[in-house]
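Participant: A predicted structure for the sequence below; I have some questions about it.
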Amino acid sequence: MGLVEHLPATTTRVEQQGPADATRLIRERSDAMVMQLEDAPPGEVEARLRRLEREWDIERVLQTNASILALSGLALGLGVHRRFLLLPGAVFGFLLQHALQGWCPPVPVFRHLGVRTVREIERERHALKTLRGDFDDVPAEGQAPVRERVRAALAAVDA
């Protein structure tokens, strides 16, 4: 058995390894938003879907944060004192830990601030698209050729 089998799944590792209370709150907020928009005018649903498309997920936030810290450590190490060169080393170590485990020191902070995973953002997006009726035009099994059903399903997801 290789190392990969011992690591958490990529799609759920942050939710599994991060603070459970933050994950619960994030899910509750998302569910409340979908519930609030269930009877909303189409324009409000469209606006929310546009915001979801632009929302930064935890990976993007961590990458940006790590880049800023690493570049700052490098600049300070070159311009002020060499001890600051330890900062990029620590940052890269934490990034590796996050890639493998789904956790690193900034994760609890960002999760408590409400930063979501791609999976959590997409969950809300697909719920809103379902309520909007995007999947209503996908023919049921046996009602259309497979190729047509697949095209309709992919078009609904891409919309």
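Facilitator: Everything's here; your move.
Participant: all helices for the protein, in order.
Facilitator: Along the chain, the stretches classed as helices by DSSP state H are 13-17, 20-37, 42-54, 58-79, 86-101, 106-112, 118-132, 146-158.
Participant: pull out the buried residues from the third one.
Facilitator: Neighbour-count burial for helix 42-54, counted by 16 or more other CB atoms under 10 Å, picks out 45, 48, 49, 52. Placement of C-beta: from N, CA and C, glycine included.
Participant: and for stretch 101-108?
Facilitator: 102, 103, 104, 106, 107.
Participant: hang on, the second one packs against residue 18?
Facilitator: Read that as residue 103. Yes. Under the criterion of CB atoms under 8 Å, residue 103 is in contact with residue 18, at a separation of 6.5 Å.
Participant: OK, contacts around residue 157?
Facilitator: By CB atoms under 8 Å, 6 or more residues apart in numbering, the residues touching residue 157 are residue 126.
Participant: any weak-confidence spans in this protein?
Facilitator: For the chain, the stretches flagged by pLDDT under 70 are 1.
Participant: again, 90 this time
Facilitator: Across the chain, the ranges flagged by pLDDT under 90 are 1-7, 17-18, 42, 137, 153, 156-159.
Participant: can I get the buried residues of stretch 101-108 in TSV including distance to residue 38?
Facilitator: TSV is the format used below for those (distance: CB to CB, whole Å):
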residue	distance to residue 38
102	32
103	34
104	36
106	34
107	31
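Participant: and which of these is nearest residue 37?
Facilitator: residue 107 (28.4 Å; CB to CB).
Participant: now do the contacts for the closest residue in space to that closest one that isn't next to it in sequence.
Facilitator: With sequence-adjacent residues excluded and distances taken as CB to CB, 6 or more residues apart in numbering, residue 107 is closest to residue 18, at 5.3 Å. By CB under 8 Å, 6+ apart, residue 18 lies in contact with 102, 103, 107, 108, 111.
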